[in-house]
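**Q** My questions concern the predicted model and sequence given below.
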Amino acid sequence: MKIAVLPGDGIGPEIVAQAVKVLKALDLNIEMTEAPIGGAGYEFAGDPLPESTLKLAKEADAVLLGAVGDWKYDKLERHLRPERGLLRIRKELNLFANLRPALLYPELASASTLKPEVVSGLDIMIVRELTGDIYFGQPRGISTLENGEREGVNTMRYSESEIRRIGKVAFDIAMKRNKKVCSVDKANVLEATELWRQVMIEISKDYPEVELSHMYVDNAAMQLIRAPKQFDVMVTGNIFGDILSDEASMLTGSIGMLPSASLDANNKGMYEPSHGSAPDIAGKDVANPLATILSAAMMLRYTFNDEANAQRIEDAVKEALAQGFRTADIWTEGCNKVGCAAMGDAVVAAL
Ligand code: NAD
């Protein structure tokens, strides 16, 4: 198994080190090679996605990524900013399917801002399209109109094949779960998502066992807070998925708990926590590494088809939580507050 390890910026290096520690503890035949991306890539080669990093990622079976970004790069030209490196690697590797589970560990029910009875037992899989939509659509840019006023433009676009392939991923996952897909769109006002809805209905004909429902994105945002347990698999486009998956993350107590997988058509994947680089807490050994550790578990499951070891990691995380270990973001009275590295050690010990 060849893994490209891209720690990135901010808390990236701290949290990735914990996931690497856990993978090494499994004693598998894994070759891990590190490379810079994001701000670290810019410092290294003047490019948020250095050519050598892209080459390594292309040659690897899977990529383990921390996070990119820091406020100090906000003044750089747009194409040099760390986030560009992330968008480009997703596009270059054709990672069109982003899987973001939102699962509430019973031990953390009290860390959620919602009432325990609303969230306990929560288990949602958000399937977000990742390489299309308004984040990539042309034309885009800021220009000056004839009257001298500036105008900003982005374009929401989805082709039928782009919708079809993400829809199939969602239905396939639903078949392994509770066989419910909720497709989120804004078909009442956006034609791009009107097509999205039509294609989802067409795909559903191939999955008679799966119950398909549709929801407008504004309602979905509300329902996620009102009654989140009604959802099994949610499938949606890039921008709606970006927002809804962060919202769903909060149901679980902390964004520091949520892993993600981004897959291509052959299950090659990039695995990363759902959160960003958290520059406010970088270098302080307080970040929660569990989202990154759980991302490594998803890597074993989806790219390496190693369900047993994926489960071992997930069980070890549960065990560390059951033993009372908590990083600051999920800490509640009576628990044992630990730092990032100590949380990694607790998971390794539980393994
Ligand atoms: P963020 O996710 O980095 O942080 C949001 C809040 O959550 C912060 O208070 C942070 O301290 C906290 N947090 C995040 N991860 C945590 C963890 N593992 N443990 C404990 N607390 C955690 O989002 P932001 O502040 O909006 O963005 C910061 C930078 O990250 C920006 O440069 C942004 O562009 C970038 N970003 C990168 C990614 C990515 O690499 N995938 C995603 C989102 C944001």
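**A** In hand now; what should we look at?

**Q** Kindly provide the distance from the closest residue to residue 286 other than its chain neighbours to residue 249.
**A** Counting by CB to CB, 6 or more residues apart in numbering, residue 286 lies nearest to residue 328, which is 5.1 Å off, once chain neighbours are set aside. Where you see a C-beta, it was placed from the backbone N, CA and C, and this is true even at glycine. Note on residue 328: its distance to residue 249, by CB to CB, to the nearest Å, is 17 Å.

**Q** Please identify which of these two sits among more neighbours.
**A** residue 249 (23 against 16; other CB atoms under 10 Å).

**Q** my guess is the more buried one meets residue 255, correct?
**A** Yes: in this structure, residue 249 is within contact of residue 255 by CB atoms under 8 Å, at 4.5 Å.

**Q** Mutual contacts of these two, please.
**A** By CB atoms under 8 Å, 6 or more residues apart in numbering, residue 249 and residue 255 have these common neighbours: 274-275.

**Q** quick one: contacts for residue 105?
**A** Residue 105 makes contacts with 252, 257, 318, 321, as judged by CB under 8 Å, 6+ apart.

**Q** One more: residue 107?
**A** Neighbouring residues of residue 107 by CB under 8 Å, 6+ apart: 318, 321-322.

**Q** Keep only those of these that are in helices.
**A** Per DSSP state H, helices hold the following members of the contacts of residue 107: 318, 321-322.

**Q** How is the protein partitioned into domains?
**A** Split into domains by automatic domain parsing, the chain comes to 1-96+264-351, 99-258.

**Q** For the ligand, find the nearest of those domains.
**A** For these, the distance to the ligand is smallest for domain 1-96+264-351, at 2.4 Å, taking CB to the nearest ligand atom.

**Q** can the closest one be found next to the ligand?
**A** Yes: counting by CB under 6 Å from any ligand atom, contacts between domain 1-96+264-351 and the ligand involve 11, 15, 67-70, 83, 86, 272, 275-281, 287-288, 291, 329.

**Q** And that domain, end to end?
**A** Start-to-end span of domain 1-96+264-351 (CA to CA, to the nearest Å) is 20 Å.

**Q** Give me the distance from that domain to the chain's centre.
**A** On the basis of CA atoms, centre = their mean, to the nearest Å, domain 1-96+264-351 sits 11 Å off its chain's mean C-alpha point.

**Q** can you check stretch 225-236 too?
**A** Mean-position distance between stretch 225-236 and its chain equals 17 Å (CA atoms, centre = their mean).

**Q** cool, and stretch 140-160?
**A** The chain centroid and the centroid of stretch 140-160 are separated by 28 Å under CA atoms, centre = their mean.

**Q** Check which residues of it are buried.
**A** Neighbour counts over stretch 140-160 (16 or more other CB atoms under 10 Å) mark 156, 158 as buried.

**Q** Same check on stretch 35-46?
**A** Applying a neighbour-count criterion of 16+ other CB under 10 Å, the buried positions in stretch 35-46 are 35-42.

**Q** Who are the contact partners of residue 186?
**A** Contacts here follow CB under 8 Å, 6+ apart; on that basis residue 186 touches 193, 216-218, 240.

**Q** what about 10 Å?
**A** By CB atoms under 10 Å, 6 or more residues apart in numbering, the residues touching residue 186 are 156, 192-194, 196-197, 216-220, 236-237, 239-240.

**Q** now the residues you listed: which count as buried?
**A** For the contacts of residue 186, a burial check counting by 16+ other CB under 10 Å picks out 156, 192-193, 196-197, 216-217, 220, 236-237, 239-240.

**Q** Just the ones in strands from those, please.
**A** 216, 236 (DSSP state E).

**Q** CSV for the buried ones among the contacts of residue 186, including distance to residue 306 and pLDDT?
**A** Converted to CSV, those look like this (distance: CB to CB, whole Å; pLDDT from 0 to 100):
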residue, distance to residue 306, pLDDT
156, 38, 97
192, 38, 97
193, 37, 97
196, 34, 98
197, 36, 98
216, 39, 98
217, 36, 98
220, 33, 98
236, 29, 98
237, 31, 98
239, 33, 97
240, 32, 97
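
**Q** just the strands in the stretch 201-350 of the chain please.
**A** For the stretch 201-350 of the chain, applying DSSP state E, counting those that start in this stretch gives strands covering 211-216, 233-236, 259-263, 269-273, 325-326, 336-337.
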